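Participant: missing the sequence, but the structure's below:
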């Protein structure tokens, strides 16, 4: 699930998802739907997409934010579908409520403290005369696997898997 307006970080999330799926499952069908960044917007966009895809078996949804993933939960419930069984859902951001929805949301956790530290380091360098140039700073993410992808897990955090990259992932600052 993509979002409008389209921000660079949102496009990077979708592109990363699609690249990974295509590399591991080249024949997989990917349908991109677009909604605004809200739960209600994702709910409205998900209803017809889930209804159409329901006959084809289990459905996987990657939402570029946890907020949008919650809208998918609502659409699935409205259609009588079960998240974690009929619809597998993955979000992004690991917001506080992600572990409290039922089933708990599988999500990608970002290193927020490290992101803030990198931004401050950049500002300090510029304040000391460094040339302010757009550059890429990559920091590692963590996939937090919970019940929305059909895993039962032990407790609200279930299982965490570190990003497979050895070096940190970088975003433009």
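Facilitator: In hand now; what should we look at? Because the structure is predicted, anything quoted here is derived from the model rather than measured.

Participant: in the protein, which helix or strand is least confident?
Facilitator: Lowest by mean pLDDT, DSSP states H and E among the helices and strands of the chain is strand 170-172, with a mean of 39.

Participant: Let me see the backbone angles for residue 58.
Facilitator: phi -60, psi 140 (degrees, to the nearest 10).

Participant: Run through the residues that contact it.
Facilitator: Residues in contact with residue 58 (CB atoms under 8 Å, 6 or more residues apart in numbering) are 85, 86, 87, 88. Quick note: C-beta positions are derived from backbone N, CA and C, even for glycine.

Participant: now those: which count as buried?
Facilitator: Neighbour-count burial (16 or more other CB atoms under 10 Å) applied to the contacts of residue 58 gives 86, 87, 88.

Participant: and the first one, what does it touch?
Facilitator: Meaning residue 86. Shown in contact with residue 86 (CB under 8 Å, 6+ apart): 54, 58, 59, 76.

Participant: hmm, try it at 10 Å
Facilitator: By CB atoms under 10 Å, 6 or more residues apart in numbering, residue 86 lies in contact with 50, 54, 57, 58, 59, 76, 79, 80, 150.

Participant: count of neighbours near the fifth one?
Facilitator: Residues near residue 59, counting by other CB atoms under 10 Å, number 19.

Participant: Pull the contacting residues for it.
Facilitator: Per CB under 10 Å, 6+ apart, neighbours of residue 59: 31, 46, 49-50, 52-53, 72, 76, 81, 86-89.

Participant: Help me confirm that residue 53 comes into contact with residue 72.
Facilitator: No - counting by CB atoms under 10 Å, residue 53 stays clear of residue 72, with 11.7 Å between them.

Participant: Switch the contacts of residue 59 over to JSON lines, and while doing so, append secondary structure to every line.
Facilitator: As requested, the contacts of residue 59 are arranged in JSON lines below (DSSP: H, G, I helix; E, B strand; the rest coil):
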{"residue": "31", "secondary structure": "coil"}
{"residue": "46", "secondary structure": "helix"}
{"residue": "49", "secondary structure": "helix"}
{"residue": "50", "secondary structure": "helix"}
{"residue": "52", "secondary structure": "helix"}
{"residue": "53", "secondary structure": "helix"}
{"residue": "72", "secondary structure": "helix"}
{"residue": "76", "secondary structure": "helix"}
{"residue": "81", "secondary structure": "coil"}
{"residue": "86", "secondary structure": "coil"}
{"residue": "87", "secondary structure": "strand"}
{"residue": "88", "secondary structure": "strand"}
{"residue": "89", "secondary structure": "strand"}
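
Participant: Break down the chain into its helices, ranges please.
Facilitator: Here the chain has its helices, by DSSP state H, at 8-24, 39-53, 66-78, 112-127.
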